[in-house]
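**Q** Everything below, folded, please.
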Amino acid sequence: MTTNRTPATDRTPTTQRVLTLLDLLQRRSVWTGSELVDELGVTIRSVRRDVDRLRDLGYPVESERGAGGGYRLGSGRRLPPLLLDDREAVAVAIALRLAAGGAVAGVGEHALGALTKLDQVMPGRLRERVADVTESMVTVPGADTPVKPELLIDLGHAVRGTEQVRLEYRDRAGRDSERRVEPYRIVVLGRRWYLLAYDLDRQDWRTFRLDRMGDVHRSRWRFTPRSDVPDPALHVQQSVTLAPYRYQARVVVHARAEKVSERFPPAYGTVMPVRDASHPDGPACRLDTGADDLEVLAWYLARLPGPFVVESPDELRETFAALAVRLSLASQVPGPSTWAADTSDT
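**A** Have a look, this model is predicted:
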């Protein structure tokens, strides 16, 4: 159901006024009675009657008196219809289309079912806007193991409730272990899902891939959030792009960060702008990335959109020096002297 909210009054038809009230309750967590009176242009008696009508329709509207009280939508035993404005309806439809081919196991069929229901009640003008986007999309299933939706739900509850959990986990080397963690955030990077958590046994921050998790056991024990929580997106990105690899490289690129990110998206490198006096010649950024082979890493870095300096490791500079000799040789016109210069390698 979609709507564009318009002001209501006591003379407004009851159905329209109730829908306007529902729209308000969905837009903010708590409304006082006086705020709803001002927003709707009705009396407090009308607000109370319309709240009762919403309850009769199955909407769990809660009310609380006193300071900090007011009206709010709570959780109920069944899911009542949602009220969406035009932009929300288009966003939900596109998200459902993406979810139909996404990386969460068992979600595709249900996402298509929800999309079909939404399409039936969506105004023609919005349906055309959604069709323009979804019909131009092609979803290619990834090779990654899909994430179980039950696991996402359990972790989501644990994150919101600051609840310790016990994970059955298999690392990248195939070793199984049990991990007691404090979960902080679920991070989506590319087509993969990760959990940022504090590992209680290792006493350090860790990144866990959700598709490598077995069962998640919730402890019901609450924890106090730590004061040194790292930036979730940055920590996971650095863990994924650096830690798994034999060689970790840091280079300073004399180009804008957004240009470098086009060549090294988040799943392949961390790009941070440099804004200090040591780079006075224009925009610069620092790129952290990694690989198991130095030569492969050098070839990827050679595609950067600007000159760059290798800060580490030293072996990478040596690899570039060797490649420079080979590339210089490749730029020459073949002749006797060219091949003679290369006889030491045969």
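
**Q** use CA for all of it now, contacts and neighbours both
**A** Fine.

**Q** which residues are contacting the longest helix along the chain?
**A** Ordering each helix of the chain by length in residues (DSSP state H) puts helix 314-330 first. Contact with helix 314-330 is made by 249, 294-295, 298, 310, 338, as judged by Cα atoms under 8 Å, 6 or more residues apart in numbering.

**Q** Could you pick out the one among the residues you listed with the lowest pLDDT?
**A** For the contacts of helix 314-330, the weakest pLDDT value sits at T338, with 52.

**Q** for the chain, what spans make up the helices?
**A** Counting by DSSP H, the helices of the chain are 14-27, 33-40, 44-56, 86-99, 107-121, 124-134, 149-160, 232-241, 257-263, 294-301, 314-330, 336-341.

**Q** and V181, which of those is closest to it?
**A** helix 149-160 (10.4 Å; Cα to Cα).

**Q** Can I get that closest one as CSV, trimmed to CA atoms?
**A** The C-alpha coordinates for helix 149-160 follow below in CSV (Å, rounded to 0.1, in the frame of the first residue of the first chain):
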residue,chain,number,x,y,z
PRO,A,149,18.3,-16.6,7.1
GLU,A,150,17.9,-18.1,10.6
LEU,A,151,21.5,-17.3,11.3
LEU,A,152,21.0,-13.7,10.3
ILE,A,153,18.0,-13.4,12.5
ASP,A,154,19.8,-14.9,15.6
LEU,A,155,22.9,-12.7,15.1
GLY,A,156,20.7,-9.6,14.5
HIS,A,157,18.9,-10.2,17.8
ALA,A,158,22.2,-10.7,19.6
VAL,A,159,23.7,-7.5,18.1
ARG,A,160,20.7,-5.4,19.1
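
**Q** For that helix, buried residues please.
**A** 151-152, 155-156, 158-159 (16 or more other Cα atoms under 10 Å).

**Q** Please compute how far it lies from its chain's middle.
**A** 15 Å (Cα atoms, centre = their mean, to the nearest Å).

**Q** Enumerate every residue touching the closest residue to G156 other than its chain neighbours.
**A** Counting by Cα to Cα, 6 or more residues apart in numbering, G156 lies nearest to I186, which is 7.6 Å off, once chain neighbours are set aside. Counting by Cα under 8 Å, 6+ apart, I186 makes contact with 156, 193-196.

**Q** picking up where we left off before, can you lay out the buried residues of helix 149-160 as CSV showing pLDDT?
**A** CSV is the format used below for the buried residues of helix 149-160 (pLDDT from 0 to 100):
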residue, pLDDT
L151, 83
L152, 81
L155, 88
G156, 86
A158, 88
V159, 89
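
**Q** wait, what's in contact with the closest residue to P313 other than its chain neighbours?
**A** Distance criterion Cα to Cα, 6+ apart; nearest residue to P313, sequence neighbours excluded, is A249 at 5.9 Å. A249 makes contact with 288-290, 310-313, 316, according to Cα under 8 Å, 6+ apart.

**Q** Just the closest of these to A114, please.
**A** T289 (40.0 Å).

**Q** Excluding chain neighbours, give the residue nearest to the closest one in space.
**A** G269 (4.5 Å).

**Q** pretty sure that neighbour contacts Q238?
**A** Yes. Judged on Cα atoms under 8 Å, G269 makes contact with Q238 at a distance of 7.4 Å.
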